[in-house]
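>>> mind looking at a prediction? Sequence and model below.
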Amino acid sequence: MKKVEGYPQPLGVTIKQDKVNFAVSVSSGKKCELLLYRAGKTEPAQVYEMPEEEGLGEIRFLAVEGLDVQKYEYNFRINEKVVLDPYVRELARTRKFGEVPDADLHRVRGRFPTSFYDWEGDHILKLPFEEVVAYSLHVRGFTKHSSSGVKQKGTFAGIVEMLSYLQELGINQIQCMPIYEFDESFGSRLNYWGYGGGYYFAPKAAYSASGHAASELKDMVKACHRAGIEVVLEMPFEEGIQTQTAIECLKYYMLEYHIDGFVINPYNVSWDCLTRDPLLKGTKIMQKDEGFQNTMRRFLKGDEDMVNPVIHALRLNTNANGKCNYITTHTGFTLNDLVSYEAKHNEANGERNLDGPNYNYSWNCGAEGPSRKRYIVKLRKKQIQNALLLLLTAQGTPCLLAGDEFWNTQKGNNNVYCQDNETSWLDWSRLKRDDSLFQYVKTLIAFRKAHPSLRQKSPLTGTDRNGCGLPDVSYHGENAWQVPAEVYSRQLGVLYCAAGEEEDYCFIAYNMHWLKHSFALPALPKNREWHRVIGTEEDAAGRQEEDQKRIELQARSIVVLTGEQKAAGKAK
């Protein structure tokens, strides 16, 4: 090996033929050295100085010829402190998730990027936003619980073992919480979620079964794509990160790992810069929408003056702004807890229950926490079903929180950021005990996919832009074509229409009041009639409406009707 002249860009490690280039940002006046280790060793085998006078600006750089990247690992030493390359692509480490870092900084080293991976023809799926049903998960928590039944619990490989489950549910996109190398210490507490700073370019070794996170992440992405499932990464980035660095990072995951999209925090990175980048236009750039979440939670529990906000939320279009629709996310209650607790119960976090959001817009249905009272259990189940219908019949891309489809609970903890245990891990035994909610969600997803009026590509305008004789969306109440927008109203009827080859009519009656209400049914084209197909009333599904002009809904109920072709001989 010998040191030769290098180049200042790109930062990190670049391998070209027989030369390996190293470039790192170092403040003026500081000493910098490159440390090369034999693979698996903690003492440097070779040290190269990176003098300030040989750099450009605040970038130090050099190249090494004859370096066998399969046999070596590396770090930098700046002012006698051993540091990882901020652009490191993979770490060599054996520490388990949550273990206290070793005082010897040489024990964690950077691996060189692997030169070849057989993608076997894999490519980014590019599913249209309107076709996506997403599922948000934590890589470790998704399968770590003993009840998951997978061999490689808490890893990328564990997700692969669960793909048949996700396919059966109808999911075609997973959104993974941070999978990069983050610091698991958060002061005196564990950083289980992974938000904050980290080595953004390096997938987390603790999420791999073998310690080779790069190849195992690629295996997971390839397996997901074969199953028709996109892989999206949450990349919130730390406040103050340079937009250029964030763009380079997203491009790297897109090109190196075939990642389909990213959920970013638009307050920490320029949204305009990300969405205007020519290369990133080939992937999905998304953000979370708390507006949808809060509006639907308030409507669900029966708050007043919510009809107009609900109308706005129902017609949000993810193609237009990259915002997915969520009822629940990792911050806040699970769906089961949303209808079981009115106050957060974060005592186990050790912060005197002061952490986590105070405003959850939840309702416990009459008792705080678990209850055996039949009317409370029945009401909670109905409210969960209502919430899922609100989510899966809205126009924007829906995203489920993992476990909401089988009653997952965190026992009222709405901020499990420091809980790496059964509080935060999904308990799959709840699915085995009662899969009725899973079957319900599966039915809703299939229904959404079967009805193009519920997932239209372009933003709805309220006009007859399709030439079908009806506007693409219209709103109704006790009287057709009249919005029940009074402050005290807690009910709304919505008619969605799609024309063309996939002519489709769906009318959804939402009654979130504690009293029953009647709804006028708008008239359909002459060759069609209303059929009640799905809903949260006991007799909601599977019949033609006898009265084609009006329906009545019980308290806290949702019913979906579709405009079906009249039987032969009935059309006039």
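Happy to help now that I have it.
>>> which ones are touching the nearest residue to residue 361 once chain neighbours are set aside?
Of all residues not flanking residue 361 in the chain, residue 297 sits nearest, at 3.7 Å (CB to CB, 6 or more residues apart in numbering). Heads up, the C-betas are built off the backbone N, CA and C, glycines and all. Residues in contact with residue 297 (CB atoms under 8 Å, 6 or more residues apart in numbering) are 327, 338, 360, 361, 362, 387.
>>> what helix or strand is residue 297 located in?
helix 290-301 (DSSP states H and E).
>>> also residue 383?
Using DSSP H and E, residue 383 sits in helix 374-392.
>>> next, the angle from that helix to helix 290-301.
Angle, helix 374-392 to helix 290-301, by axes from the mean of the first three to the mean of the last three CA atoms, to 10 degrees: 150 degrees.
>>> by contact count, what packs against helix 374-392?
Packing partners of helix 374-392 (3 or more CB pairs under 8 Å, 6 or more residues apart in numbering; DSSP states H and E): helix 290-301, helix 335-338, helix 436-450, strand 557-565.
>>> how about the ones you listed, which one is nearest residue 321?
helix 290-301 (10.8 Å; CB to CB).
>>> quick one: mean pLDDT over the closest one.
For helix 290-301, mean pLDDT rounds to 97.
>>> which parts of that helix are buried?
Neighbour counts over helix 290-301 (16 or more other CB atoms under 10 Å) mark 292, 293, 294, 295, 296, 297, 298, 299, 300, 301 as buried.
>>> which residue packs closest to the last one, ignoring adjacent ones?
With CB to CB, 6+ apart as the measure, residue 363 is the residue that lies nearest to residue 301, at 3.9 Å, once sequence neighbours are left out.
>>> how about the secondary structure of that neighbour?
coil (DSSP: H, G, I helix; E, B strand; the rest coil).
>>> still on that earlier bit, give me the mean pLDDT for the helix holding residue 383.
On average, helix 374-392 scores 98.
>>> could you identify the helix or strand that succeeds it?
Heading C-terminal from helix 374-392 (DSSP H and E), you reach strand 399-401.
>>> and the next element down the chain from that following strand?
helix 429-433.
>>> contacts for that next one?
Identification of contacts with helix 429-433 by CB under 8 Å, 6+ apart yields 147, 405, 406, 407, 408, 409, 438.
>>> for the spatially closest residue to the fifth one that is not a sequence neighbour, grab the count of nearby residues.
What that stands for is residue 408. Closest residue to residue 408 in three dimensions, ignoring its sequence neighbours and counting by CB to CB, 6+ apart: residue 334, at 5.2 Å. By the measure other CB atoms under 10 Å, the count of residues near residue 334 is 26.
>>> isn't residue 334 right up against residue 405?
No. With contact defined as CB atoms under 8 Å, residue 334 does not reach residue 405; the gap is 10.8 Å.
>>> which residues in the stretch 451-572 of the chain form helices?
Here the stretch 451-572 of the chain has no helices by DSSP state H, counting those that start in this stretch.
>>> how about the strands in it?
Under the criterion DSSP state E, counting those that start in this stretch, the stretch 451-572 of the chain carries strands at the ranges 473-476, 491-498, 504-511, 517-520, 528-535, 543-544, 550-553, 557-565.
>>> which of those has the lowest mean pLDDT?
strand 543-544 (a mean of 68).
>>> how about the buried residues of helix 290-301 in TSV, adding distance to residue 545?
Converted to TSV, these look like this (distance: CB to CB, whole Å):
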residue	distance to residue 545
292	30
293	32
294	33
295	29
296	26
297	30
298	30
299	25
300	25
301	29
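>>> with respect to residue 193, which of the residues you listed is nearest?
So of the buried residues of helix 290-301, ranked by how close each gets to residue 193 (CB to CB), first place is residue 293, at 17.7 Å.
>>> next, the spatially closest residue to the closest one that is not a sequence neighbour: phi, psi?
For residue 293, ignoring the flanking residues on the chain, the nearest one in space by CB to CB, 6+ apart is residue 326 at 5.1 Å. When read as degrees, to the nearest 10, the backbone of residue 326 gives phi -130, psi 140.
>>> could you check how far residue 326 is from residue 319?
Residue 326 sits 17 Å away from residue 319, going by CB to CB, to the nearest Å.
>>> the two: which is more packed in?
Comparing residue 326 with residue 319 by other CB under 10 Å, the one with more neighbours is residue 326, at 24 against 15.
>>> in this structure, where is pLDDT below threshold?
94, 466, 539-543, 568-572 (pLDDT under 70).
>>> one more pass at 50, please.
Across the chain, residues meeting the criterion (pLDDT under 50) sit at 572.
>>> domain parsing of it, as residue ranges.
2-111, 132-448, 473-565 (the TED database).
>>> apart from its chain neighbours, what residue comes closest to residue 454?
Nearest to residue 454 is residue 448, by CB to CB, 6+ apart, at 5.3 Å.
>>> and the gap between the one you found and residue 214?
Residue 448 is 35 Å from residue 214, by CB to CB.
>>> and residue 96, by the same measure?
19 Å.
>>> of these two, who's got more company?
Shown here are residue 96 and residue 214; by other CB under 10 Å, residue 214 has more neighbours (20 against 10).
>>> what sits against residue 228?
125, 167, 172.
>>> give me the nearest residue to the first one, chain neighbours excluded.
This means residue 125. residue 230 (5.1 Å).
>>> touching, the one you found and residue 261? I think so.
Yes. If you go by CB under 8 Å, residue 230 and residue 261 touch, sitting 6.6 Å apart.
>>> okay, and the common contacts of these two?
Joint contacts of residue 230 and residue 261 (CB under 8 Å, 6+ apart) are 173, 284.
>>> returning to what we had before: could I get the domains of the chain as TSV with distance to residue 454?
Compiled in TSV, the domains of the chain are given as follows (distance: least, CB to CB, whole Å):
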stretch	distance to residue 454
domain 2-111	40
domain 132-448	5
domain 473-565	6
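>>> contacts only, for residue 495.
470, 473, 474, 475, 476, 505, 506, 507, 522.
>>> now do the helix holding residue 383 against strand 557-565, angle only.
Using the same axes, to 10 degrees, helix 374-392 lies at 50 degrees relative to strand 557-565.
>>> how far off helix 436-450 does helix 374-392 point, in degrees?
20 degrees.
>>> please spell out which residues along helix 374-392 are buried.
Buried residues in helix 374-392 (16+ other CB under 10 Å): 376, 379-392.
>>> which one of those is nearest residue 63?
residue 391 (52.9 Å).
>>> surely the closest one meets residue 404?
No. In this structure, residue 391 is not within contact of residue 404 by CB under 8 Å, at 9.4 Å.
>>> what residues are shared contacts of those two?
Contacts common to residue 391 and residue 404, judged by CB under 8 Å, 6+ apart, are residue 327.
>>> and residue 20, that one's in a strand?
Yes. According to three-state DSSP, residue 20 belongs to a strand.
>>> beta partners for it?
residue 15, residue 64 (DSSP bridges).
>>> and the gap between the nearest residue to residue 489 once chain neighbours are set aside and residue 490?
Taking CB to CB, 6+ apart, and ignoring the residues beside it in sequence, residue 489 has residue 307 as its nearest neighbour in space, at 5.1 Å. Distance, residue 307 to residue 490, by CB to CB: 8 Å.
>>> what's the answer for residue 345, then?
In terms of CB to CB, residue 345 sits 28 Å off from residue 490.
>>> ok, residue 457 next?
For residue 457, the distance to residue 490 - CB to CB - is 31 Å.
>>> same question for residue 373.
Taking CB to CB, one finds residue 373 at 24 Å from residue 490.
>>> that older thread, wait, what's in contact with the residue nearest to residue 293?
Contacts of residue 326 (CB under 8 Å, 6+ apart): 136, 288, 289, 292, 293, 391, 399, 401.
>>> rewinding a little: burial count for the residue nearest to residue 454?
Neighbours of residue 448 (other CB under 10 Å): 20.
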